[in-house]
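Peer 1: when you get a sec, could you give me coordinates for this:
(one chain, ligands or ions: 1)
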Amino acid sequence: MKPQYYNIVRITAFILTIILIFAQKHFPQKTLDIDPTNNVLYTLYSDSGSGGKSEASWIDEKSGHWKCHLIKSEVYPICGLSISFSQVPYETIDAEKYNAMQLELEYKGAAKKIRISLRNYNALYSEKNVIETAKFHSVNVLTTELTSETTISMHEFSVADWWKDKYDIPRSLSTPEFSGLVSIGIEQAVPEVFGEHEYKLVSMRFTGDWLSAETLYISIIIGWLFILAFEAISWLLRQRDRSRENINRLSALEVESEKYKELSSTDSLTGVANRSGFSKKMELISNDKYCQLHCYALLVLDLDHFKHINDEHGHFMGDVVLKEFAERVATIIRAEDVFARWGGEEFIILARMQSQGSEYILAEKIRAKVEESNFGADKSIVATVSIGVAASKVGDTFDDLFKQADENLYTAKRNGRNQVVYNSRPAKVIGCPEGQ
Ligand SMILES: Nc1nc2c(ncn2[C@@H]2O[C@H](COP(=O)(O)OP(=O)(O)OP(=O)(O)O)[C@@H](O)[C@H]2O)c(=O)[nH]1
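Peer 2: Numbering: from 1, shown residues only. This is a model prediction of the structure:
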């Protein structure tokens, strides 16, 4: 992704974060209605089954309207409504994902408090289908609070001590639990008020957030981490690509610069070294600790009457002769010899001396090769070369050597051209390894 889009992504994510945080309270809630149309069974109960005198009866079962007549007797007085989700075997509902119960209960009577109870089945402490063994949670609601819909948080329900004592429940299983609700009870809370009590369960529903605040904040944090990680990885990849590009550019520049170096050292017409190329090779020779200048002889070569060739055959054909001449010479010299165009129709060769007089033999070979056959595509141009040779001795500089070879060249020209003039100085090869 292009870096300019990061700000758009960040601003969008920031606005989204703010909207989510403020809108969270207004998100639609998930609900579970507890009413007879929703597979729910209403059952009235009283102590009459255990020998008591209290009575529970429907005023209108369909509308959840009933009355309890609580009468004092030998047994503990009870009377109320039990809501279950099936006949035996009991089915359970998972109310863990809800965080409140909304209750609309109408009450007429003298009681001050109504108890809402939730029974939770768990095989760890409950017997299957024995509803009394299911964990008993309850909350008391003042009858004065029942004027309209009452919201009871699930946190308000606590596990009854009598139930824990009765079944010797360990602490680890004593906390509220709603994942297996098996029944809901509505009855009068203690202290009991004897007499007539009338109830109407208008509505009961569990409500919960589709997305809890906790889940929302964790999602927002994960989202931001994802965005930042994505940006960091993209940045790293971009840096890597940039450094690769720079390396490629650098090596292309190096290749280019090598090419220009080569071009600046080469004579464009003949392809052999020019003066600058010759100087570079001379440097290498000067730095060679085994074989420096005293191992070499210098040949200065000059094509004879080149002006006539130009005049007679044209400048273009003169160029052809120069090229062919350079090619012929290149076939004769050794790889370690340095061959360069010194200017115009003048060339020089710095040749490794193989033995005393080997430089003369080389010069003579070149002279003969030039004389041997004519130049040009139709071999119509006759050319010869004069060569002045100077063999170096220890202590000679290049200028000494050049001066001597140039003088010999001048002698060769003066003596009629097409010849090699070799100085009379004895050339002694000192310190040059044999055959190098
Ligand atoms: N075609 C061509 N001619 C060149 C080039 N460089 C120099 N020349 C010509 O080479 C000729 C050299 O002439 P001179 O210096 O008088 O020497 P020469 O005619 O060879 O006579 P000698 O050297 O005395 O034998 C000149 O006419 C230059 O114009 C080149 O690159 N191409």
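
Peer 1: care to break the protein down by domain?
Peer 2: 28-210, 275-423 (automatic domain parsing).

Peer 1: per-residue pLDDT, residue 429?
Peer 2: Looking at residue 429, its pLDDT is 44.

Peer 1: okay, the domains of the chain, which one's buried deepest?
Peer 2: domain 275-423 (a mean of 18; mean count of other CB atoms under 10 Å). Bear in mind the C-beta positions are built from the backbone N, C-alpha and C, glycine included.

Peer 1: what is the end-to-end distance of that domain?
Peer 2: For domain 275-423, the first-to-last residue distance is 24 Å (CA to CA, to the nearest Å).

Peer 1: is the ligand within reach of it?
Peer 2: Yes - counting by CB under 6 Å from any ligand atom, contacts between domain 275-423 and the ligand involve 302-307, 310, 315, 318-319, 322, 344-345, 413, 417.

Peer 1: taking the stretch 301-436 of the chain, what residue is nearest to the ligand?
Peer 2: Closest to the ligand within the stretch 301-436 of the chain is residue 318: 2.5 Å, counting by CB to the nearest ligand atom.

Peer 1: distance between the helix or strand containing that residue and the chain's centre?
Peer 2: Taking DSSP states H and E as the definition, residue 318 sits inside helix 315-332. Helix 315-332 has its C-alpha centroid displaced from the chain centroid by 60 Å (CA atoms, centre = their mean, to the nearest Å).

Peer 1: render the CA-only coordinates of stretch 71-81 in CSV, please.
Peer 2: Taking C-alpha atoms only, stretch 71-81 is exported to CSV below (Å, rounded to 0.1, in the frame of the first residue of the first chain):
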residue,chain,number,x,y,z
ILE,A,71,-51.9,-20.2,55.3
LYS,A,72,-49.9,-20.9,58.4
SER,A,73,-49.6,-24.6,59.2
GLU,A,74,-47.2,-27.2,60.6
VAL,A,75,-45.0,-27.1,57.5
TYR,A,76,-42.9,-24.3,56.0
PRO,A,77,-45.3,-22.1,54.0
ILE,A,78,-44.6,-21.9,50.3
CYS,A,79,-46.6,-20.7,47.4
GLY,A,80,-45.5,-19.5,44.0
LEU,A,81,-44.9,-19.9,40.2
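
Peer 1: so after the helix holding residue 318, what's the next helix or strand?
Peer 2: Helix 315-332 is succeeded, C-terminally, by strand 338-343 (DSSP H and E).

Peer 1: so what touches that following strand?
Peer 2: 267, 269-270, 272-275, 277-278, 281-282, 285, 300, 322, 326, 329-330, 333, 347-350 (CB atoms under 8 Å, 6 or more residues apart in numbering).

Peer 1: and the angle for it with helix 315-332?
Peer 2: Counting by axes from the mean of the first three to the mean of the last three CA atoms, to 10 degrees, strand 338-343 lies at 160 degrees to helix 315-332.

Peer 1: and the residue in the stretch 51-200 of the chain positioned nearest to the ligand, what does it touch?
Peer 2: Closest residue of the stretch 51-200 of the chain to the ligand, CB to the nearest ligand atom: residue 97 (96.6 Å). Listed by CB under 8 Å, 6+ apart, the contact partners of residue 97 are 30, 208.

Peer 1: for it, give me phi and psi.
Peer 2: phi -80, psi 0 (degrees, to the nearest 10).

Peer 1: now swap in residue 130 and tell me
Peer 2: According to degrees, to the nearest 10, residue 130 has phi -110, psi 100.

Peer 1: tell me the centre residue of this structure?
Peer 2: Centroid-nearest residue in the chain: residue 233, 3.8 Å away (criterion: CA atoms, centre = their mean).

Peer 1: isn't residue 381 right next to residue 314, touching?
Peer 2: No - shown here, residue 381 and residue 314 do not form a contact pair, counting by CB atoms under 8 Å, at 10.3 Å.

Peer 1: any residues in contact with both of those two?
Peer 2: When CB under 8 Å, 6+ apart defines a contact, no residue borders residue 381 and residue 314 alike.

Peer 1: for the chain, which strand is longest?
Peer 2: Looking across the chain with DSSP state E, the single longest strand is strand 195-209.

Peer 1: where do the strands of the stretch 1-150 of the chain begin and end?
Peer 2: 29-33, 41-46, 55-60, 65-70, 79-84, 100-108, 113-120, 135-142, 150-153 (DSSP state E, counting those that start in this stretch).

Peer 1: got the angle for the third one vs strand 79-84?
Peer 2: Computed with the same axes, to 10 degrees, the direction of strand 55-60 lies at 60 degrees from that of strand 79-84.

Peer 1: just the residues contacting strand 55-60, thanks.
Peer 2: Contacts of strand 55-60 (CB under 8 Å, 6+ apart): 44-46, 48, 65-69, 71, 79-81, 198, 200.

Peer 1: note down every partner strand of it and its orientation.
Peer 2: strand 65-70 (antiparallel) (DSSP bridges).
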